[in-house]
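Asks: Here is my input; please provide its structure:
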Amino acid sequence: QQLNFKLDEIRDEKNTTIGWQIIYRDLQNVLDLISKGSEYRKLFNQSAFNNQYFFLYLKKWIASVMNQVEFSSLWKTLFIINVCKVKFENEDNNDSKKSILMDYRPWMESIVEYANQFGLDIKVKKKKVIWKEIIKQMVYRWPGKTENIIKTFNWRPKNAYCTINSNSNSNRYKIAVESMGSFNIDQKHLFSDFAYYHQSDLCAENLLPYLSDHPLKKEQYKELIGNKLDSIALKSRAIKGFDIPVFSTNINLKYKLPRLIKDSSNKMESKELRLQVNKYNYLKNYWYQFFDQSNSKVHVTQYRWDNSHIPKADAMYELGGISSVWQMSYYDTPSPFLSVAADILFSFSPLTVKQERLNGSRIQYQVSVGYPGDYRFSLLAPMAEKIKSKLRSNGAKTIIAFFDENSSTDERWTIGNSLVCEEYSFYLNKLLENPWLGVVFKPKKPHTLRKRLKPIDNLVEEALETGRCHFFMAESSGIPPAIAALSADLAIHGTIWAATAGVESALCGVPTLLMDQDNWHYSHLNALGKNEVVFHNWDDLWCAISDFSKNKEGNQRIGNWDALLVQLDPFRDGRAMERIGNFLNWLIDGFEQGLGKDDVLCGAVDRYGKQWGHDNIVQVKNQ
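Replies: As a prediction, this is how the structure comes out:
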């Protein structure tokens with residue numbers, strides 16, 4: 001039978017949600033067990049691991065929170081162990097033997113040691129053969145031969161194969177930009193992958209967006225053409241027939257990690273490590289050729305959640321180029337899941353320097369730029385005022401905004417739809433009970449919200465009929481939290497462990513509350529005050545909303561973030577993306593002047609320090 005549980009119901013003795021706790025505590029603990037284990041020390045001492053890029057790549061692969069095809073992610077494995085621990089504790093018969101039947105996977109000895117801490121025994125099943133993974137191994141080990149086979153059998157359209165050099169601006173040095181599917185180059189008030197372009201002195205001729213897993217839409221293609229931006233697709237399905245070249249090349253493994261010595265016991269760990277070496281060789285050489293052919297000297301991305309950016313950074317290193325990552329989300333609890341490999345990390349503030357060291361990041365310079373979405377605040381204010389006026393015209397005297405953190409029908413692995421229905425029901429019922437209240441809802445994934453709220457559909461319709469309720473709905477999640485916050489008198493974010501929407505709301509000047517149903521006592525945001533900013537139950541939250549509504553101007557306690565704002569963003573001037581864009585522009589200018597990487601970096605760092613303060617640049621000494 002399927003083991004029935006909900007993520008938010010599995011808690012420790014302090015009533016903290018264990019699923020989130022594993023990401024920020026247990027993943028690192030098990031990584032330590034793995035790296036210190038005598039059975040793996042021989043493997044890790046091999047020369048392949050002298051490449052610090054690869055070593056971090058491997059650590060992030062082991063600690064992956066994302067689902068893996070070949071076996072369950074480490075996060076899910078550790079979470080299942082904790083679920084079983086809680087289930088066994090709730091059983092009447094505590095004398096029965098407590099065992100878990102689990103598929104064999106790498107690092108099993110360390111996982112067994114972790115389970116033994118809870119008095120649990122693990123019985124292991126043999127690993128199944130997954131043919132998809134065998135094919136992947138062929139691609140990574142013999143990329144040229146496999147690619148030729150694929151072409152021979154026409155597994156991709158013939159016209160999908162081309163090089164980049166035909167692009168109109170290919171003679172200029174490029175900044176290769178990883179696009180996550182949010183363009184909005186012309187709609188500057190929405191979230192954009194290219195905000196540093198339209199907010200700075202960057203030239204379109206120096207940018208090269210590359211498209212992969214997010215299919216290009218017609219309006220996005222028009223934006224690229226209208227702004228004279230060259231672009232390249234990594235997969236033919238990403239462009240749906242648009243006139244954009246698709247990068248393809250026969251991978252020549254120019255750069256190879258030293259081959260791992262086969263373990264005499266032929267353990268699964270040894271096999272998987274050899275696969276990861278082959279995969280890393282493939283990816284590094286793929287990106288080396290991509291950057292080389294496209295004349296790219298700088299790479300920029302905001303996607304840090306897996307290890308995909310690391311071989312890109314290594315390829316840039318070999319080319320004498322510069323890799324960069326900009327911080328998109330707020331976090332204040334370390335995790336190997338968050339680690340970064342880059343020459344430059346554009347962060348909110350110097351507050352994150354210690355955090356990145358604890359994450360295990362390998363960064364050369366950490367550049368504080370402020371909150372990257374702050375330029376949108378002034379653009380959104382007029383639109384927000386229209387929404388606020390409409391709600392007020394229907395009787396709303398106090399307007400609250402609520403941000404959710406998305407949900408799923410499978411409530412075992414993330415926030416469940418039932419919990420989101422409970423949250424929305426609370427605010428909708430309060431709206432119907434109190435004619436003075438207006439509510440603005442900003443869901444993280446607006447296009448799926450009504451489906452997720454189907455059990456309370458009648459309640460939603462009844463609230464909408466009052467004219468005091470507004471939902472931000474769209475086909476994409478490019479709507480920023482600030483527009484909802486600016487439409488309200490008081491904002492509420494539904495989590496504290498992932499508090500970016502709440503941080504954005506506070507930075508745009510709106511009193512903001514955090515509803516912490518996970519009892520996330522690890523966060524620095526708890527210092528803002530229990531039952532003043534951070535709340536743990538609905539009754540206390542409603543008391544604060546009621547008190548605030550009676551005295552909006554005079555009540556300085558509720559939702560006050562003043563003590564922390566300067567630490568979150570030392571600038572607060574709406575120019576964070578301008579700073580990122582200009583810094584990138586200085587880098588590319590240095591390369592076009594014929595300077596080497598070190599001189600380019602030093603020049604940009606010195607220039608930034610003189611303009612924005614040397615205390616906002618930290619040269620990181622990696623251990």
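Asks: any chance you could map the helices in the stretch 51-200 of the chain?
Replies: Applying DSSP state H, counting those that start in this stretch to the stretch 51-200 of the chain gives helices spanning 52-62, 74-89, 108-116, 131-141, 143-152, 195-198.
Asks: neighbours around Gln619, how many?
Replies: 10 (other CB atoms under 10 Å). C-betas here are computed from N, CA, C, even on glycine.
Asks: Show the contacting residues for it.
Replies: Counting by CB atoms under 8 Å, 6 or more residues apart in numbering, Gln619 makes contact with 364-365, 605.
Asks: Look at Arg572 and give its secondary structure.
Replies: coil (DSSP: H, G, I helix; E, B strand; the rest coil).
Asks: pretty sure it contacts Val369?
Replies: No - the pair Arg572 / Val369 is not scored as a contact, 11.7 Å apart, by CB atoms under 8 Å.
Asks: doesn't Ser324 fall inside a strand?
Replies: Yes - counting by three-state DSSP, Ser324 is part of a strand.
Asks: surely it meets Phe346?
Replies: Yes - if you go by CB under 8 Å, Ser324 and Phe346 touch, sitting 6.7 Å apart.
Asks: Below-threshold pLDDT in the chain: ranges please.
Replies: Along the chain, segments meeting pLDDT under 70 span 1, 38-40, 66-71, 92-96, 127-170, 262-266, 475-477, 622-623.
Asks: Mind naming the longest helix for it?
Replies: helix 268-293 (DSSP state H).
Asks: Kindly export the helix or strand where Gly502 lies (C-alpha atoms) in PDB.
Replies: Assigning secondary structure by DSSP states H and E places Gly502 in helix 500-507. The C-alpha trace of helix 500-507 is given here as PDB (Å, rounded to 0.1, in the frame of the first residue of the first chain):
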ATOM      1  CA  THR A 500      10.900  36.500  -1.000                       C
ATOM      2  CA  ALA A 501       7.400  37.900  -1.600                       C
ATOM      3  CA  GLY A 502       7.200  39.200   1.900                       C
ATOM      4  CA  VAL A 503      10.700  40.800   1.600                       C
ATOM      5  CA  GLU A 504       9.700  42.500  -1.600                       C
ATOM      6  CA  SER A 505       6.500  43.800   0.000                       C
ATOM      7  CA  ALA A 506       8.400  45.200   3.000                       C
ATOM      8  CA  LEU A 507      11.000  46.800   0.700                       C
END
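Asks: For the next helix or strand after that helix, enumerate the helices and strands it packs against.
Replies: Per DSSP H and E, the first helix or strand lying C-terminal to helix 500-507 is strand 512-515. In terms of contacts (3 or more CB pairs under 8 Å, 6 or more residues apart in numbering; DSSP states H and E), strand 512-515 is packed against strand 490-493, helix 500-507, strand 534-535, helix 538-550.
Asks: list the buried ones in strand 512-515?
Replies: 512-515 (16 or more other CB atoms under 10 Å).
Asks: does the nearest residue to Glu356 once chain neighbours are set aside have beta-bridge partners, and which?
Replies: Nearest residue to Glu356, sequence neighbours excluded (CB to CB, 6 or more residues apart in numbering): Ile363, at 6.1 Å. Per DSSP bridges, the residues bridged to Ile363 are Ala342.
Asks: Can you name the residues that contact Ile363?
Replies: By CB under 8 Å, 6+ apart, the residues touching Ile363 are 340-345, 356, 620, 622.
Asks: Which one (most neighbours) among the residues you listed?
Replies: Result: Ala341 is most packed of the contacts of Ile363 (other CB under 10 Å), 28 neighbours.
Asks: so that one touches Ser308, yeah?
Replies: No - the pair Ala341 / Ser308 is not scored as a contact, 10.9 Å apart, by CB under 8 Å.
Asks: Using CSV, write down the CA coordinates of the one helix or strand Lys388 maps to.
Replies: Take DSSP H and E as the rule and Lys388 turns out to sit in helix 376-393. The C-alpha coordinates for helix 376-393 follow below in CSV (Å, rounded to 0.1, in the frame of the first residue of the first chain):
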residue,chain,number,x,y,z
ARG,A,376,9.4,47.9,-10.6
PHE,A,377,8.0,49.6,-7.5
SER,A,378,7.5,53.0,-9.2
LEU,A,379,6.2,51.4,-12.4
LEU,A,380,3.6,49.4,-10.5
ALA,A,381,2.3,52.2,-8.2
PRO,A,382,-0.3,53.7,-10.7
MET,A,383,-1.7,50.3,-11.5
ALA,A,384,-1.9,49.3,-7.9
GLU,A,385,-3.7,52.6,-7.0
LYS,A,386,-6.4,51.8,-9.6
ILE,A,387,-7.1,48.4,-7.9
LYS,A,388,-7.1,50.0,-4.5
SER,A,389,-9.5,52.7,-5.5
LYS,A,390,-11.9,50.1,-7.0
LEU,A,391,-12.0,48.1,-3.8
ARG,A,392,-12.5,51.2,-1.7
SER,A,393,-15.4,52.3,-3.9
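Asks: quick revisit: mind giving me TSV with the buried residues of strand 512-515 and columns for distance to Asn252?
Replies: Below are those laid out as TSV (distance: CB to CB, whole Å):
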residue	distance to Asn252
Thr512	53
Leu513	56
Leu514	52
Met515	54
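Asks: Identify the farthest-apart pair in those.
Replies: Thr512 and Met515 (10.9 Å; CB to CB).
Asks: what residues are shared contacts of the two?
Replies: The contact sets of Thr512 and Met515 overlap at 492-493 (CB under 8 Å, 6+ apart).
Asks: Phi first, then psi, for the residue nearest the centre of the chain.
Replies: What sits nearest the mean C-alpha location of the chain, by CA atoms, centre = their mean, is Trp305, with 4.7 Å. Trp305 adopts backbone torsions of phi -80, psi -20, taken as degrees, to the nearest 10.
Asks: How about the one 3 residues further on?
Replies: Summarising the backbone geometry of Ser308 under the convention degrees, to the nearest 10, its torsions are phi -70, psi -20.
Asks: wait, doesn't Gly360 sit right on Lys59?
Replies: Yes - using CB under 8 Å, Gly360 makes contact with Lys59 at a distance of 6.6 Å.
Asks: More neighbours: which of these two?
Replies: The neighbour comparison of Gly360 against Lys59 (other CB under 10 Å) goes to Gly360, with 23 against 20.
Asks: Excluding chain neighbours, give the residue nearest to that one in space.
Replies: Excluding the flanking residues, the one nearest Gly360 by CB to CB, 6+ apart is Ser339, at 4.4 Å.
Asks: Now the one you found: phi and psi?
Replies: According to degrees, to the nearest 10, Ser339 has phi -60, psi 150.
Asks: right, and it touches Lys59 too?
Replies: Yes - taking CB under 8 Å as the definition, Ser339 is a contact partner of Lys59 at 7.1 Å.
Asks: tell me, what's touching these two both at once?
Replies: Gly360.
Asks: re earlier: just the angle for the helix holding Lys388 relative to helix 500-507, thanks.
Replies: Interaxial angle, helix 376-393 versus helix 500-507 (axes from the mean of the first three to the mean of the last three CA atoms, to 10 degrees): 90 degrees.
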